[in-house]
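Colleague: Could you work out the structure for the sequence below:
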Amino acid sequence: MTTSDVIWAHSGDSHFMEPPGFWSRILPKPLADRMPRSEKDPDSDFETVYVDGQTFRRKLPRVAVKKTEDGKTMMDLESAAPGTGNVDLRLLDLDNEGIWAEVMYPSLGLWENMITDRDLVRAACRAENEYRKEALQDRAPDRFVPAAAIPMLDIQDAVEALGYAADLGLHVAALPTGVSEGMPDYNRDDWEPLWATAEECGMVLGFHIGTDGLGAKDNVMFNGPGGAVLNYVGTTYGGQWVAMKLVTSGALERHPDLKILISEGGATWVPFIGDRMNEGYRQHSMWVRPMLSHLPKETLYRQVYTSFQHDETAPAALWAMGYQNVMWGSDYPHIEGTYGHTQKTLHGLFDDLDPGVSHRIRIGAFKELFPHITGPPES
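Modeller: You can find the predicted model right below:
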């Protein structure tokens, strides 16, 4: 493929693997020792994840493990994607893949939702956000959009952390799709201070699928025939519930400048969910509270952005169903992402599309959320 054949795109979803010793570099040892870490079994494809006294075991995909010279099993990060946890190599990967800017979620950091110690998670999030600003965003401010970590065990802690992240200059805050045990759900007015602060700071709220909380710690709901596919599809629903909660509770209507991003959950669900919400709002109006100034679908279309990676139907959500906030995402470096075949994927999705539709999905919607991004070199 020649340079002239490259289709540039922004990515609404990627992950940065915390480097070895990450927590010890940013936190005092007594706190670092309690943060998420994984250990690979020496003689199997399983890993054990430790999170502040909790232990979870899961099987790794074979393409993500390798044998060392002494026969031990370890995660094979470099062969999968050299820039998984290395900033310089990551920029080379992005150039080779034709990706300009990317929203960067954590990897091990996603397990922080399992922590139940308010003081621990508050300290960890503050240190992480300082690291992400200095080591990631400052390294490539026109390309890296790292997501701020937010402590979610207390609403005031979340408000203060989001404000501090905004003061640091971060542009998106990562929130889990499910609340912690004992916390009010997202459709409750208790969260109003967080929505108001995010709107005031101009902070995008990013919800990555598969972060539904303690009840979904291993994302395994089904066993037996079809279980792998059922479990994979099931991870997407948490993002849809978040969007519906913020729309139907009136939170987004009260904060019309607040934008949310549902990452890796596809896009064509938005028109369908919008229609269903409208029908429920109209046909069951005698039970609906609160009453809204706009139909739910209007708010959903206006303030909710979504990213997909391979979905053949996703562009049609825009050109056929009028949903303008469709974004592409690479999910770098995960195996369900596009690393190694990004250009093939982009050409397959966009070569036959109207240029305006292609540009909106690859470039325009992303830059609407993050207007400080000025690239790519061609669009």
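Colleague: where in the stretch 151-300 of the chain is pLDDT low?
Modeller: The model of the stretch 151-300 of the chain has pLDDT under 70 over residues 213-219.
Colleague: Now for Thr306, how many residues are close by?
Modeller: Look at Thr306: counted by other CB atoms under 10 Å, it has 29 neighbours. Heads up, the C-betas are built off the backbone N, CA and C, glycines and all.
Colleague: elements contacting the helix or strand where Tyr105 lies?
Modeller: Using DSSP states H and E, Tyr105 falls within strand 99-106. Counting contacts by 3 or more CB pairs under 8 Å, 6 or more residues apart in numbering; DSSP states H and E, strand 99-106 packs against strand 9-16, strand 144-149, strand 172-175, strand 204-208, strand 260-263.
Colleague: Redo those as JSON lines? Include mean neighbour count and distance to Ala135.
Modeller: Listed next are the helices and strands packed on strand 99-106 as JSON lines, based on neighbours: other CB atoms under 10 Å; distance: least, CB to CB, whole Å:
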{"stretch": "strand 9-16", "mean neighbour count": "29", "distance to Ala135": "9"}
{"stretch": "strand 144-149", "mean neighbour count": "26", "distance to Ala135": "9"}
{"stretch": "strand 172-175", "mean neighbour count": "25", "distance to Ala135": "16"}
{"stretch": "strand 204-208", "mean neighbour count": "24", "distance to Ala135": "19"}
{"stretch": "strand 260-263", "mean neighbour count": "28", "distance to Ala135": "21"}
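Colleague: Next, format these as TSV and append distance to Thr248.
Modeller: Output for the helices and strands packed on strand 99-106, formatted as TSV (distance: least, CB to CB, whole Å):
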stretch	distance to Thr248
strand 9-16	24
strand 144-149	25
strand 172-175	18
strand 204-208	16
strand 260-263	14
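Colleague: what's the closest of the ones you listed to Glu47?
Modeller: Proximity to Glu47 (CB to CB) singles out strand 9-16 among the helices and strands packed on strand 99-106, at 16.2 Å.
Colleague: Just the CA coordinates for that closest one, please, in CSV.
Modeller: Below are the C-alpha coordinates for strand 9-16, written out as CSV (Å, rounded to 0.1, in the frame of the first residue of the first chain):
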residue,chain,number,x,y,z
ALA,A,9,-8.7,8.2,11.1
HIS,A,10,-9.0,9.2,14.7
SER,A,11,-9.8,6.5,17.2
GLY,A,12,-12.5,6.8,19.9
ASP,A,13,-11.2,3.7,21.7
SER,A,14,-7.7,2.4,22.6
HIS,A,15,-5.8,1.2,25.7
PHE,A,16,-2.4,1.9,27.2
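Colleague: Show residues contacting the very next helix or strand once past it.
Modeller: As assigned by DSSP H and E, the chain's next helix or strand after strand 9-16 is helix 22-26. Here helix 22-26 makes contact (CB atoms under 8 Å, 6 or more residues apart in numbering) with Leu31, Ala32, Asp33, Met35, Arg37, Leu108, Ala124, Ala127, Glu128, Glu130, Tyr131.
Colleague: Out of those, list just those in strands.
Modeller: Arg37 (DSSP state E).
Colleague: Quick one, which of the contacts of helix 22-26 are buried?
Modeller: Neighbour-count burial (16 or more other CB atoms under 10 Å) applied to the contacts of helix 22-26 gives Leu31, Ala32, Met35, Arg37, Leu108, Ala124, Ala127, Glu128, Tyr131.
Colleague: mind checking how far the closest residue to the third one other than its chain neighbours is from Lys29?
Modeller: Spelled out, that is Met35. Distance criterion CB to CB, 6 or more residues apart in numbering; nearest residue to Met35, sequence neighbours excluded, is Trp23 at 4.2 Å. Between Trp23 and Lys29 the computed distance is 9 Å (CB to CB, to the nearest Å).
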